[in-house]
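**Student:** Sequence first, then the predicted structure:
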Amino acid sequence: QVQLSESGGGLVQTGDSLRLSCAFSGNSFTTYGMAWFRQAPGKEREFVAARLWTWSGATMNYADSVKVRFTISRDSVKNTVYLQMNSLKPEDTAVYYCAAGQFVSGTSVGDYKYWGQGTQVTVSP
(Lines give C-alpha, C1' and ligand atoms only; values in the text may rest on other atoms or scores of the structure.)
Protein backbone atom coordinates (compact mmCIF):
# COMPACT_ATOMS: atom_id res chain seq x y z
CA GLN A 1 0.00 0.00 0.00
CA VAL A 2 1.27 3.46 -0.92
CA GLN A 3 0.78 6.51 1.23
CA LEU A 4 1.64 10.07 0.28
CA SER A 5 2.08 12.99 2.62
CA GLU A 6 2.51 16.57 1.41
CA SER A 7 4.03 19.46 3.32
CA GLY A 8 5.43 22.90 2.67
CA GLY A 9 2.37 24.93 1.82
CA GLY A 10 1.67 28.32 3.29
CA LEU A 11 0.79 31.97 2.77
CA VAL A 12 3.23 33.96 0.65
CA GLN A 13 3.28 37.16 -1.38
CA THR A 14 3.39 37.58 -5.14
CA GLY A 15 6.87 36.82 -6.43
CA ASP A 16 7.87 34.65 -3.48
CA SER A 17 8.97 31.02 -3.62
CA LEU A 18 7.84 27.85 -1.89
CA ARG A 19 8.98 24.24 -1.98
CA LEU A 20 6.42 21.52 -1.52
CA SER A 21 7.45 18.04 -0.41
CA CYS A 22 5.70 14.72 -0.92
CA ALA A 23 6.90 11.81 1.18
CA PHE A 24 6.23 8.41 -0.42
CA SER A 25 5.62 5.43 1.83
CA GLY A 26 5.61 2.03 0.14
CA ASN A 27 7.69 -0.19 -2.09
CA SER A 28 9.31 0.31 -5.48
CA PHE A 29 9.31 4.11 -5.40
CA THR A 30 11.37 4.35 -8.57
CA THR A 31 8.70 2.54 -10.60
CA TYR A 32 6.11 5.22 -9.92
CA GLY A 33 5.19 8.20 -11.98
CA MET A 34 4.82 11.12 -9.57
CA ALA A 35 2.78 14.23 -10.16
CA TRP A 36 1.46 17.40 -8.61
CA PHE A 37 -2.07 18.62 -9.19
CA ARG A 38 -3.90 21.59 -7.74
CA GLN A 39 -7.45 22.58 -7.11
CA ALA A 40 -8.69 26.10 -6.56
CA PRO A 41 -12.10 26.80 -4.97
CA GLY A 42 -14.91 26.13 -7.42
CA LYS A 43 -12.58 24.69 -10.04
CA GLU A 44 -11.65 21.22 -11.17
CA ARG A 45 -8.41 19.61 -10.13
CA GLU A 46 -5.74 20.41 -12.71
CA PHE A 47 -2.36 19.06 -13.65
CA VAL A 48 0.68 21.06 -12.58
CA ALA A 49 3.84 18.98 -13.02
CA ALA A 50 4.92 15.37 -13.27
CA ARG A 51 7.94 13.16 -13.25
CA LEU A 52 6.66 10.53 -15.63
CA TRP A 53 7.80 6.94 -15.64
CA THR A 54 9.06 5.50 -18.93
CA TRP A 55 11.04 2.38 -19.82
CA SER A 56 13.99 4.55 -20.87
CA GLY A 57 13.93 6.76 -17.80
CA ALA A 58 11.85 9.56 -16.38
CA THR A 59 10.64 12.60 -18.28
CA MET A 60 9.31 15.82 -16.85
CA ASN A 61 6.10 17.46 -17.92
CA TYR A 62 4.65 20.81 -16.88
CA ALA A 63 1.43 22.69 -17.38
CA ASP A 64 1.94 25.73 -19.60
CA SER A 65 0.90 28.04 -16.78
CA VAL A 66 3.83 26.97 -14.58
CA LYS A 67 6.58 26.23 -17.10
CA VAL A 68 9.85 27.96 -16.23
CA ARG A 69 8.54 28.92 -12.78
CA PHE A 70 8.00 25.45 -11.25
CA THR A 71 10.39 22.48 -11.08
CA ILE A 72 9.63 18.92 -10.03
CA SER A 73 12.42 16.76 -8.65
CA ARG A 74 12.91 13.51 -6.81
CA ASP A 75 15.19 12.24 -4.04
CA SER A 76 15.31 8.46 -4.36
CA VAL A 77 17.14 8.05 -1.06
CA LYS A 78 14.47 9.92 0.89
CA ASN A 79 11.60 8.63 -1.28
CA THR A 80 10.44 12.19 -1.65
CA VAL A 81 9.24 14.32 -4.54
CA TYR A 82 9.53 18.09 -4.49
CA LEU A 83 7.83 20.93 -6.29
CA GLN A 84 9.91 24.09 -6.30
CA MET A 85 7.64 27.03 -7.04
CA ASN A 86 9.20 30.38 -7.95
CA SER A 87 7.70 33.71 -8.95
CA LEU A 88 4.39 32.77 -7.41
CA LYS A 89 1.25 34.53 -8.58
CA PRO A 90 -2.19 34.92 -6.97
CA GLU A 91 -3.60 32.55 -9.59
CA ASP A 92 -1.36 29.82 -8.16
CA THR A 93 -3.50 29.83 -5.02
CA ALA A 94 -4.94 26.35 -4.56
CA VAL A 95 -4.72 23.13 -2.61
CA TYR A 96 -1.81 21.20 -4.04
CA TYR A 97 -2.00 17.41 -4.21
CA CYS A 98 0.73 14.86 -4.72
CA ALA A 99 -0.20 11.79 -6.76
CA ALA A 100 1.49 8.48 -7.58
CA GLY A 101 0.82 5.77 -10.12
CA GLN A 102 2.99 2.75 -10.82
CA PHE A 103 4.41 2.78 -14.34
CA VAL A 104 2.34 5.87 -15.10
CA SER A 105 3.31 8.23 -17.89
CA GLY A 106 0.15 10.31 -18.10
CA THR A 107 -0.96 13.67 -16.78
CA SER A 108 -4.65 13.10 -16.16
CA VAL A 109 -6.25 12.80 -12.74
CA GLY A 110 -7.50 9.33 -13.63
CA ASP A 111 -4.00 8.07 -14.38
CA TYR A 112 -3.03 8.20 -10.70
CA LYS A 113 -4.17 5.70 -8.07
CA TYR A 114 -2.69 7.21 -4.92
CA TRP A 115 -3.23 10.72 -3.58
CA GLY A 116 -2.05 12.75 -0.65
CA GLN A 117 -4.29 14.85 1.56
CA GLY A 118 -3.22 18.13 -0.02
CA THR A 119 -1.45 21.24 1.20
CA GLN A 120 -2.79 24.79 0.89
CA VAL A 121 -0.82 27.40 -1.02
CA THR A 122 -2.09 30.96 -0.83
CA VAL A 123 -0.43 33.78 -2.75
CA SER A 124 -1.47 37.29 -1.77
CA PRO A 125 -1.39 40.15 -4.32
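**Tutor:** Received it, and whenever you're ready, just let me know what you need.

**Student:** and residue 106, what is it in contact with?
**Tutor:** With contacts defined as Cβ atoms under 8 Å, 6 or more residues apart in numbering, residue 106 is in contact with 33, 52. C-beta: built from backbone N, CA, C; applies to glycine.

**Student:** same question, residue 35
**Tutor:** With Cβ under 8 Å, 6+ apart, residue 35 has these contacts: 47-52, 72, 98-101, 104, 107, 112.

**Student:** other SSEs contacting the helix or strand of the chain with the lowest mean pLDDT?
**Tutor:** With mean pLDDT, DSSP states H and E as the measure, the helix or strand of the chain carrying the lowest mean pLDDT is strand 59-62 (a mean of 94). Applying 3 or more Cβ pairs under 8 Å, 6 or more residues apart in numbering; DSSP states H and E, we find strand 59-62 packed against strand 46-52, strand 70-75.

**Student:** again, 7 Å this time
**Tutor:** Applying 3 or more Cβ pairs under 7 Å, 6 or more residues apart in numbering; DSSP states H and E, one finds that strand 59-62 contacts strand 46-52.

**Student:** Mind listing what's buried along the strand it packs on?
**Tutor:** Neighbour-count burial for strand 46-52, counted by 16 or more other Cβ atoms under 10 Å, picks out 47-52.

**Student:** same question, stretch 6-15
**Tutor:** Buried residues in stretch 6-15, counted by 16+ other Cβ under 10 Å: 6, 8-9, 12.

**Student:** how about the strands in this protein?
**Tutor:** 3-7, 10-13, 18-25, 32-39, 46-52, 59-62, 70-75, 80-85, 94-102, 114-115, 119-124 (DSSP state E).

**Student:** most packed of those strands?
**Tutor:** Compared across the strands of the chain, strand 32-39 shows the largest average neighbour count, a mean of 24 (mean count of other Cβ atoms under 10 Å).
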